[in-house]
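> Kindly generate the corresponding structure for this input.
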Amino acid sequence: MSLTVVRGLLGRGNTDDTLDDERRTLAKVGAELMPVPIAERERLLRMLPKADGLLGVSQIDTEMIQALGRCRGIVTVSHGFNFIDLDAATEAGIPVANVYFCHREVANHTIMFLLAATRKLILLHNLLKQGQWGRDLQPPVAPLYDQTLGLIGLGHIGREVARRALAMDMVVVGYDPVVGPEQAAGLGIEWASLDDLLRRADYVSLHVPSGPSTRKILNGRTIGLMKRSAWVFNTARGDLIDEASLYHALAVGRIAGAGLDVFEVEPTPPDNPLLRLDNVIVTPHAAGFSDDAVRNGQRLGAEEMASILSGAFPTNICNPEVRDRTRFPLGASA
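I've put the predicted structure just below:
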């Protein structure tokens, strides 16, 4: 059996180019890995008709899916899958899978935002660099313990954030439409409605996938429910927040601050007004990265693709409605 897996490269240098482990994993099922930078769209489109599998590509639109004439599955090396046209994939009978590999890194990044905001890291760092020695923190300085962290989303990442917050003696309140109160309680989290969470939380952190029900879940109305002293953190997807509404709330002091790793448009433009605010901490969609996370993502993605090529249904399915409509017969997960 001779199979071909097209591997999209994001162009991040060695982390994307070190594909030896992926090649070895796929070779075990008779598949050859064909890497191509996603920026080279025309070249990518020419390769897709030969692909038995598509691995690790970022944007996957209708045109790309229609070119996948013999593809058995798509695996994205990411938690999120909002950049894939799932309807087109389902129509074509192609299962789409994601892999969970960086939830601890994203949780750590979220806690970094939390501590930087609470302990005024950026302010003190900048003042000391400017030669100003001032040990007295500018109020308000919250104690963090006994404060309430509101988690919107209680999946892999939200639960990791909760574990860390509970270890710091915080009260954790969570909202997730697919996680019930009893399940949340088993995690040490108090379940709440979205509006109640926003009214109660001293810090609000977003950990839901992007989709029709979650896009701009923080908007003028919902941000208006938050405490004036509250901070919001987003390490999930940029379109979960209406940036115009967030900017206005931050600029007029309607809420205290924000920690943002993701933006509505990425890379975010240098003239994004959020970047000019002193009460905003920003990073460039870097929350999920560590040396181990990148390698684990590559390993898990290749293993999932090998499993699909061997006839197994994906472990983490993003379009479950395709289950009985797959182009190639797929059995139970390996």
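> So which residues of the protein form helices?
Listed in chain order, the helices of the chain (DSSP state H) span 14-17, 20-27, 41-47, 62-66, 86-91, 103-118, 121-129, 156-167, 181-186, 194-200, 220-223, 243-251, 291-309.
> Which one of those helices lies nearest to Gly150?
Across those, the minimum distance to Gly150, taken as C-beta to C-beta, is reached by helix 194-200, at 4.2 Å. In short, each C-beta sits where N, CA and C put it, glycine included.
> Could you pull out the buried residues of the closest one?
For helix 194-200, a neighbour-count test (16 or more other C-beta atoms under 10 Å) marks Leu194, Leu197, Leu198, Arg200 as buried.
> what's the spacing between the third one and Leu225?
Right, Leu198. 4 Å (C-beta to C-beta, to the nearest Å).
> ok, back up a step: out of the buried residues of helix 194-200, who's nearest Ser213?
Using C-beta to C-beta, the buried residues of helix 194-200 come closest to Ser213 at Leu194, 10.9 Å.
> Report the contact partners of the nearest residue to the closest one once chain neighbours are set aside.
Nearest non-adjacent residue to Leu194, counting by C-beta to C-beta, 6 or more residues apart in numbering: Tyr175, 4.9 Å away. By C-beta atoms under 8 Å, 6 or more residues apart in numbering, the contact set of Tyr175 is Gly150, Leu151, Ile152, Gly153, Leu154, Trp191, Ala192, Ser193, Leu194, Leu197.
> which residues does Tyr175 form a beta bridge with?
In this structure, Tyr175 has the following beta-bridge partners (DSSP bridges): Ile152.
> Show the pLDDT at it.
We have a pLDDT of 98 for Tyr175.
> For Ala165, see how far away it is.
Per C-beta to C-beta, Tyr175 is found 15 Å from Ala165.
> go on, Glu303?
Using C-beta to C-beta, Glu303 is found at 32 Å from Ala165.
> out of those two, which sits in the busier spot?
Ala165 (25 against 19; other C-beta atoms under 10 Å).
> In space, what's closest to the more buried one - neighbours in sequence excluded?
Leu149 (4.7 Å).
> Kindly report the same for His248.
By the measure of C-beta to C-beta, 6+ apart, the closest residue to His248 outside its immediate chain neighbours is Arg254, 7.3 Å from it.
> neighbours around that neighbour, how many?
Counted by other C-beta under 10 Å, the residues lying close to Arg254 total 17.
> same check, this time on Glu42
Using other C-beta under 10 Å, Glu42 has 7 neighbouring residues.
> Repeat that for Ala306.
The number of residues packed near Ala306 is 24, by other C-beta under 10 Å.
> Equivalent analysis for Met112, please.
18.
> what's the answer for Lys129, then?
Lys129 has 8 nearby residues by other C-beta under 10 Å.
> Look at it and report its pLDDT.
Value for Lys129, per-residue pLDDT: 94.
> where does this structure have low pLDDT?
When residues are selected by pLDDT under 70, those of the chain lie in 1, 11-18, 137-138, 332-334.
> how much space between Ala31 and Ala107?
Going from Ala31 to Ala107 by C-beta to C-beta gives 33 Å.
> sorry, back to before: doesn't Ile223 make contact with the residue nearest to His248?
Yes: counting by C-beta atoms under 8 Å, Arg254 does reach Ile223; the two are 7.0 Å apart.
> What sits closest to Val265 if chain neighbours are left out?
Using C-beta to C-beta, 6+ apart, the nearest residue to Val265 is Gly238, at 7.3 Å.
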